[in-house]
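Q: Dropping the sequence and predicted coords here.
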Amino acid sequence: MSEDGLGLFAGKDKPTVDWGWSHYEKAQQFNNSINLYETVKANENFYVGKQWEGVNANGLPTPVFNFLKRVGGFTIANLVSDSIKINASVLAAFPEDDKMIDPVRIVNEEFETLCEQNRLPALSKEFARDAAVRADGCIFTYWDEKAESGQKSKGRIKSEMLENTRVYFGNPNDRRVQEQPWIMIEKREMVRNVKRRAKANGIEDWEQIMPDDEENSAVDSMKRTDDKVTTIQLYWKDDDNGEVWCYEFCHNSVIKEAWNLNIRLYPIVWLNWDYVADCYHGQAMITGLIPNQIFVNKAWAMSMISINRTAFPKFIYDKTRISHLDNGVGRAIGVAGTVDNAIKAVDTGHIEPQVFQYIQAAVSQSEESLGATEAALGEGKAYNTSAILSLQKAASTPQELTKQNLYQQIEDLARIWLEFMSEYYGKRVVDMPLTDEMRTLFEQQAALSQEIGLPAQEIPATAPVEFDFKMLKNHPFSVKIDVGASSYYSEVSSLSTLDNLLLNGHINVVQYLEHIPDGTVAGRRELIDEIKQQMEQQQMMAEQQAAMEQQAAAEQAAAATPEIAENEQTEEAKSTGFKELGEALRSVERRQ
């Protein structure tokens with residue numbers, strides 16, 4: 001860093017606790033200026049059904065008709081598919097890309113494992129849910145060095161959700177993650193765990209770590225515990241090589257000195273439900289619908305009050321003639337004199353029907369504004385299948401931009417996983433197809449086993465080989481994802497095309513099996529090896545048969561050679577005799 005104070009940390013190479021805590025407080029001030037914490041609290045309450053939070057109802061009814069939950073759940077489920085598949089490939093301009101077939105296969109298999117371990121479909125739903133309710137979704141990725149991996153070297157990649165109120169960007173006017181000068185991640189942890197970690201990291205003043213009060217995020221008294229401390233992880237990129245560094249601290253002590261993560265991407269992905277100009281926080285879907293929900297709840301509350309007060313008949317009676325009124329069912333009432341005008345029932349009050357029409361209109365208009373129409377929700381009558389499908393597709397159009405943004409962030413998450421693979425996996429054992437040398441070695445071992453009387457050994461299709469994942473750092477990869485029905489359709493389409501090519505004789509069975517989508521045929525590689533062996537045996541048998549036929553033809557030709565020569569001599573003799581006879585006859589004719 002420069003010494004004139006123009007560096008990231010005021011001219012110093014590494015951050016300090018004072019520098020970090022002061023910038024953390026400034027970041028909180030920015031969030032307060034846009035009323036982030038109160039907005040997130042209100043959105044969460046309304047979404048889960050706590051819609052009369054803080055309202056003094058004075059004993060009046062507090063009904064909750066939570067259409068936000070329904071329309072929000074529908075929209076989120078409509079965005080995220082259960083079928084998410086990540087595919088990596090080398091760049092088209094990469095030289096000798098045929099040598100990258102096995103590394104690409106290994107990376108794609110590792111992506112499938114990571115999707116399963118991190119429950120990516122469920123994680124992506126929670127990702128979209130936070131964006132819809134809290135305005136922003138955030139997925140944080142880290143390396144768990146103690147996790148079992150099934151290899152000699154421990155550790156695996158983990159991804160988890162972070163609340164947007166605990167993530168701070170160095171430039172709050174820019175929502176692009178990788179363009180940030182620094183990023184802070186705030187956590188609330190038990191003091192004893194933080195002290196233990198600081199002591200293990202060699203921090204001398206680890207005993208100074210004390211509990212603190214969380215001012216902004218503790219929205220109710222139950223969250224104000226005395227045994228927790230706020231910890232901050234500060235991430236930044238080195239100006240020289242672009243590698244990400246991290247520094248962990250709390251309000252009065254270092255927890256871990258700065259260390260190099262040796263990756264080139266910040267380990268978070270950030271999703272705005274809707275963009276807000278010059279702000280890294282977005283606009284939540286719920287925020288704009290809260291006034292509609294309040295109107296519906298109040299309209300129902302006032303309707304309930306009216307029903308309770310006026311819906312049942314009331315009696316008016318003459319106290320001079322009836323001393324006490326008992327309105328029990330079937331009870332007799334005694335009066336002095338005639339019963340005319342002694343008691344009278346007052347007609348009940350009526351609620352204007354338009355009130356319920358306005359309530360229904362408010363709900364339906366709110367749902368339709370987010371694409372939750374009757375056709376999309378499956379409530380429309382199925383008069384025409386094609387028309388309903390068209391309406392459902394049209395209803396999902398308003399969320400198309402959000403959907404594309406969501407899957408773009410999932411692709412960015414896969415690139416972060418690839419960065420962690422190349423740096424932390426090291427050398428790991430993977431299954432690789434047999435090379436010619438390995439196959440020859442297995443065949444020799446099998447032949448030797450038969451010679452000494454052991455059972456015949458089968459030649460495997462693959463063999464465990466040590467693969468160095470660090471080679472991924474020097475090879476550019478392209479990452480894309482296939483989602484839901486489109487992925488299924490593309491696989492079916494590819495399989496259909498390959499079927500036609502095979503039936504028309506344009507490709508053979510091996511080429512067909514090598515190009516079908518992964519997972520279509522179980523044990524595909526073993527099947528390919530068996531077919532190749534059969535084809536090699538058939539070729540050898542065909543060559544032997546051709547050689548035998550050629551040899552037989554040669555012997556037959558050799559045996560027929562003397563007879564042909566004798567016939568040729570006879571024909572030549574005959575020709576010579578005829579020639580001599582003709583000359584004799586011509587001489588006789590001349591004499592005569």
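A: Received the coordinates, thanks.
Q: Relative to the whole chain's centre, how far out is stretch 145-154?
A: In this view, stretch 145-154 has its centroid 24 Å away from the chain centroid, taken as C-alpha atoms, centre = their mean, to the nearest Å.
Q: Give me the mean pLDDT for that stretch.
A: Here stretch 145-154 scores 81 as its mean pLDDT.
Q: next one: stretch 10-30
A: On average, stretch 10-30 scores 89.
Q: In the chain, spot the helix with the most residues.
A: helix 524-559 (DSSP state H).
Q: Now do stretch 185-199: distance from first to last residue.
A: With C-alpha to C-alpha, to the nearest Å as the measure, stretch 185-199 spans 21 Å from end to end.
Q: what's that stretch in contact with?
A: 24, 140, 162, 166-168, 206-207, 209-211, 214, 217, 227-233, 235, 250, 253-256, 268 (C-beta atoms under 8 Å, 6 or more residues apart in numbering). C-beta coordinates here come from the backbone N, C-alpha and C atoms, glycine included.
Q: from those residues, which would you call buried?
A: Buried members of the contacts of stretch 185-199, counted by 16 or more other C-beta atoms under 10 Å: 24, 140, 162, 166-168, 206, 209, 217, 228-233, 235, 250, 253-256, 268.
Q: show me the contacts for C279.
A: The contact partners of C279, by C-beta under 8 Å, 6+ apart, come to I34, P172, N173, R175.
Q: Next one: the second one from I531, what distance?
A: Spelled out, that is P172. 60 Å (C-beta to C-beta, to the nearest Å).
Q: Who has more neighbours out of the two?
A: P172 (18 against 15; other C-beta atoms under 10 Å).
Q: and that one, backbone torsions?
A: phi -70, psi -10 (degrees, to the nearest 10).
Q: returning to that earlier point: from the contacts of stretch 185-199, which ones fall inside strands?
A: Here DSSP state E is the test, and the contacts of stretch 185-199 give 140, 162, 167-168, 228-233, 235, 254-256, 268 as lying in strands.
Q: For K14, see how far away Y247 is.
A: From Y247 to K14 the distance is 7 Å (C-beta to C-beta).
Q: Common neighbours of the two, please.
A: In contact with both Y247 and K14: E257, A258, using C-beta under 8 Å, 6+ apart.
Q: For those two, indicate the residue with more neighbours.
A: Set side by side, Y247 and K14 show more neighbours around Y247, with 24 against 13, by other C-beta under 10 Å.
Q: and that one, what element?
A: strand 244-249 (DSSP states H and E).
Q: For that strand, which helices and strands make contact with it?
A: helix 17-33, strand 228-237, strand 254-260 (3 or more C-beta pairs under 8 Å, 6 or more residues apart in numbering; DSSP states H and E).
Q: Would you mind giving the ones you listed as a markdown table with distance to R134 added?
A: Below are these laid out as a markdown table (distance: least, C-beta to C-beta, whole Å):
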| stretch | distance to R134 |
| --- | --- |
| helix 17-33 | 12 |
| strand 228-237 | 19 |
| strand 254-260 | 27 |
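Q: which stretches of the stretch 251-400 of the chain aren't confidently modelled?
A: In the predicted model, the stretch 251-400 of the chain carries pLDDT under 70 at residues 311-313, 326-339, 342-352, 356, 365-398.
Q: for the stretch 451-592 of the chain, same thing?
A: The low-confidence ranges in the stretch 451-592 of the chain, as defined by pLDDT under 70, are 451, 453, 455-457, 459-461, 482-494, 517-520, 560-592.
Q: Helices of that one, start to end?
A: 484-503, 509-515, 524-559, 561-591 (DSSP state H, counting those that start in this stretch).
Q: name the helices or strands packed onto the third one?
A: What that stands for is helix 524-559. So helix 524-559, by 3+ C-beta pairs under 8 Å, 6+ apart, packs with helix 509-515.
Q: Show me what the helix it packs on is packed up against.
A: helix 484-503, helix 524-559.
Q: now those as a markdown table including distance to P476?
A: Formatted as a markdown table, these follow (distance: least, C-beta to C-beta, whole Å):
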| stretch | distance to P476 |
| --- | --- |
| helix 484-503 | 24 |
| helix 524-559 | 27 |
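Q: how about the nearest residue to Y424, chain neighbours excluded?
A: Of all residues not flanking Y424 in the chain, W143 sits nearest, at 5.1 Å (C-beta to C-beta, 6 or more residues apart in numbering).
Q: can you tell me the helix or strand for the one you found?
A: strand 136-144.
Q: and K152, which of the helices and strands packed on helix 509-515 is closest to it?
A: Closest to K152 of the helices and strands packed on helix 509-515, according to C-beta to C-beta: helix 524-559, at 25.0 Å.
Q: which regions of the stretch 1-150 of the chain lie under the pLDDT threshold?
A: Ranges of the stretch 1-150 of the chain meeting pLDDT under 70: 1-6, 11, 54, 57, 81-82, 92-98.
Q: what's the spacing between the residue nearest to G202 when sequence neighbours are not counted and W245?
A: For G202, ignoring the flanking residues on the chain, the nearest one in space by C-beta to C-beta, 6+ apart is E257 at 8.0 Å. According to C-beta to C-beta, E257 and W245 sit 10 Å apart.
Q: who has more neighbours, these two?
A: A direct count of neighbours by other C-beta under 10 Å for E257 and W245 places W245 higher, at 17 against 13.
Q: Test of understanding: give the bridge partners of that one.
A: Beta bridges link W245 to W236, N260 when assigned by DSSP bridges.
Q: Am I right that it is in contact with W236?
A: Yes. Using C-beta atoms under 8 Å, W245 makes contact with W236 at a distance of 5.7 Å.
Q: ok so, going back, can you tell me which residues contact the residue nearest to Y424?
A: G155, R156, I157, K158, F420, Y424.
Q: Swap in 10 Å and give it another go.
A: W143 sits next to G155, R156, I157, K158, L261, I263, P267, F420, E423, Y424, Y425 when contact means C-beta atoms under 10 Å, 6 or more residues apart in numbering.
Q: can you tell me how far it sits from D240?
A: With C-beta to C-beta as the criterion, W143 and D240 are 23 Å apart.
Q: follow-up on the earlier one: of the ones in strands among the contacts of stretch 185-199, which is the nearest to L91?
A: I268 (25.2 Å).
Q: what bridges to the closest one?
A: Under the criterion used (DSSP bridges), I268 bridges to F140.
Q: Tell me who's in contact with it.
A: So I268 contacts 138-142, 159, 162, 167, 169, 177-178, 180, 183, 185, 235, 409, 412-413, 416 (C-beta under 10 Å, 6+ apart).
Q: try Y168
A: Contacts of Y168 (C-beta under 10 Å, 6+ apart): 23-24, 26-28, 30-31, 180, 182-186, 232, 234, 280.
Q: and it, what are its bridge partners?
A: Applying DSSP bridges, one finds that Y168 bridges with M184.
Q: What does the pLDDT read for it?
A: So, for Y168, pLDDT stands at 96.
Q: shared neighbours of E257 and W245, anything?
A: In contact with both E257 and W245: K14, using C-beta under 10 Å, 6+ apart.
Q: So what's the residue count around I185?
A: So I185, with other C-beta under 10 Å, has 20 neighbours.
Q: Distance-wise, check it relative to I255.
A: Going from I185 to I255 by C-beta to C-beta gives 13 Å.
Q: which residues do the two both contact?
A: Taking C-beta under 10 Å, 6+ apart as the criterion, I185 and I255 both touch T231, I232, Q233, E248.
Q: show me what contacts P103?
A: Per C-beta under 10 Å, 6+ apart, neighbours of P103: A88, V90, V430, F467, D468, F469, M471, L472, H475, F477.
Q: Doesn't it belong to a helix?
A: Yes. Assignment of P103 by DSSP: H, G, I helix; E, B strand; the rest coil places it within a helix.
Q: and the gap between it and E109?
A: For P103 relative to E109 (C-beta to C-beta), the value is 11 Å.
Q: any residues in contact with both of those two?
A: With C-beta under 10 Å, 6+ apart, P103 and E109 have common neighbours V430.
Q: In contact with R105, which residues?
A: A88, V430, D431, M432, P433, D518.
Q: Near the third one, how many other residues are there?
A: Residues near D431, counting by other C-beta under 10 Å, number 16.
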